[in-house]
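[1] following is a predicted model, sequence given first.
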Amino acid sequence: MKKIDAHLHLAKIVAGYCRRGELRAVGGGRARWGNGEEFQLFPTNGDYGDDCFLAEQALKIMDRNDVERAVLMNGSMYGFQNMYHEELLEKYPDRFCPSCEVDPFATNHMAALERFLFQKHFHLVKFEVSSGGGLMGCHDPFDLSGARMMEIYKLIEQHKGVVALDVGDIGMESHQTAALLRVSDRCPDLKITICHLLAPSRDKKREWLAELAMLKQANVYFDVAAMPKIMKPDAYPYPETVDYLKMAADIVGTNHLMWGTDAPFAATQDTYEHLTDYLEKSGGFAEAELADIYYNTAKQVYFPG
C-alpha cells in the first residue's frame, strides 16, 4: 500500500530551543538541553546519524517501507531547519513537502514568511506552539486566533498553503480548541493540520472527543503522528492506539486523518517499520480507509499538484 509519512523530522544541525534552553547533539544519537537534561534523540540501529538525520538517510528508510513521500515538519526540539528545507525543496521535489517556520514575535517575521512562501515556494508552514516544548514555552501564552497570528494565517491562505499546528496536551495554555475553530471559520480557504490528533489522554477522553467534534470542519485535518508514543504503555501493534484512531475516524472521517511517524525521536521507542505497519497489522480499518489515512488525505493536503 502506498504511504506518505505526514510528520517526519530531519535535522542537518540540531539547534533546538524551548523552555529547557538550547538543545545540542552530543554524539551517539544523544542530545543535551541547556538545563543539563540529556536523552536519546536518534535511534542507534545504524539507520540514523550520531548527531544529525539527513534526507538521504530518511529516503533509505522510506524506500525500505514503501513510503513514497514525506512531510518534513519543523520542530522546536530540532531547531528551525528552514535553510536545509530550502535545499530539499529543490533537490527532492517529488519526495518531500518541507515546512518553513518563523517566530511570530520576531520583529521581521512577516518579511521572512513572505520570502519562504512567494520566493522559495514553500507550501507548508508549521508552528509548534505547545507550552511543553514550543513557542508558549519560550514566550508568554498568546491567542492562536489573535491579530498577530491571523495576519500569518491570511498570508498562508493567500498563498493557497497549509498551516500545521502542534498545540500540545489538553490542559496546556497552548491547547486552544476554540481559537482553532475561529481560525477555520475566518480562513475558509486555508488548510489546517492539527498535529498528533490533539494529543489525547485516557483521563480526558470525553473532552478529546468533544474537541474533535467541534473541529469537524471542511478545512481542518489531523495527523496521527506519535500516537503510539502518546498512548504508552500500549505495545505493538498498538491496539489501544488503533481504538482511539477509530473513534477519531468515526467523528471526522478517514479523509481528514493522516498517518505519520514523528521519527526520528518516536523511533527511539519502536522501529520505523512498526510505526509504519501497525495500522495494517491491526485489522481495524478497511482497505479504503487505510488508503485514506496512509496516502490519499496527505496527498490532497500536502501534494495537491
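    Alright, I've got the coordinates. Residues are numbered from 1 along each chain as shown.
[2] for the rest of this, base every contact and every neighbour count on C-alpha atoms.
    Will do.
[3] how about the secondary structure of residue 6?
    Secondary structure assignment for residue 6 (DSSP: H, G, I helix; E, B strand; the rest coil): strand.
[4] shouldn't it be in contact with residue 258?
    Yes - between residue 6 and residue 258 a contact is recorded at 6.3 Å, counting by CA atoms under 8 Å.
[5] find the residues that touch each one of those two.
    In terms of CA atoms under 8 Å, 6 or more residues apart in numbering, residue 6 and residue 258 are both contacted by the residues 223, 298.
[6] flag every buried residue along stretch 277-296.
    Buried positions in stretch 277-296, judged by neighbour count with 16 or more other CA atoms under 10 Å: 278, 279, 285, 289, 290, 291, 292, 293, 294, 295, 296.
[7] between these, which is nearest residue 224?
    Using CA to CA, residue 293 comes nearest to residue 224 of the buried residues of stretch 277-296, at 9.0 Å.
[8] not counting its neighbours along the chain, what's nearest the closest one?
    residue 258 (4.6 Å; CA to CA, 6 or more residues apart in numbering).
[9] who's in contact with the nearest residue to residue 75 once chain neighbours are set aside?
    Nearest residue to residue 75, sequence neighbours excluded (CA to CA, 6+ apart): residue 128, at 6.2 Å. Going by CA under 8 Å, 6+ apart, residue 128 touches 74, 75, 76, 134, 135, 165, 166, 167.
[10] partner residues bridging residue 128?
    residue 166 (DSSP bridges).
[11] what separation is there between it and residue 194?
    10 Å (CA to CA, to the nearest Å).
[12] now do the shared contacts for the two.
    Shared contacts of residue 128 and residue 194, counting by CA under 8 Å, 6+ apart, come down to 165, 166, 167.
[13] show me what contacts the first one?
    Just to be clear, that refers to residue 165. With contact taken as CA under 8 Å, 6+ apart, residue 165 is in contact with 126, 127, 128, 129, 192, 193, 194, 195.
[14] look at the fourth one and report its pLDDT.
    According to the prediction, residue 129 has pLDDT 97.
[15] report pLDDT for the residue nearest to residue 296 when sequence neighbours are not counted.
    Excluding the flanking residues, the one nearest residue 296 by CA to CA, 6+ apart is residue 255, at 7.4 Å. With respect to pLDDT, residue 255 has a value of 98.
[16] what's around residue 105, how many residues?
    Residues lying near residue 105 (other CA atoms under 10 Å) number 12.
[17] could I get the phi/psi values of residue 125?
    Backbone geometry at residue 125, expressed as degrees, to the nearest 10, gives phi -120, psi 130.
[18] count the neighbours of the residue nearest to residue 293 for me.
    Neighbour tally, residue 258, other CA under 10 Å: 31.
[19] bridging residues for it?
    Applying DSSP bridges to residue 258 gives these bridge partners: residue 223.
[20] contacts only, for residue 150.
    Going by CA under 8 Å, 6+ apart, residue 150 touches 144, 183.
[21] any idea which element it lies in?
    helix 147-158 (DSSP states H and E).
[22] buried ones in that helix?
    The neighbour-count check on helix 147-158 (16+ other CA under 10 Å) flags 150, 152, 153, 154, 155, 156, 157 as buried.
[23] quick one: which of the contacts of residue 128 is most hemmed in?
    Going by other CA under 10 Å, residue 167 tops these with 30 neighbours.
[24] so it makes contact with residue 178?
    No - Residue 167 is not in contact with residue 178 according to CA under 8 Å; the separation is 12.0 Å.
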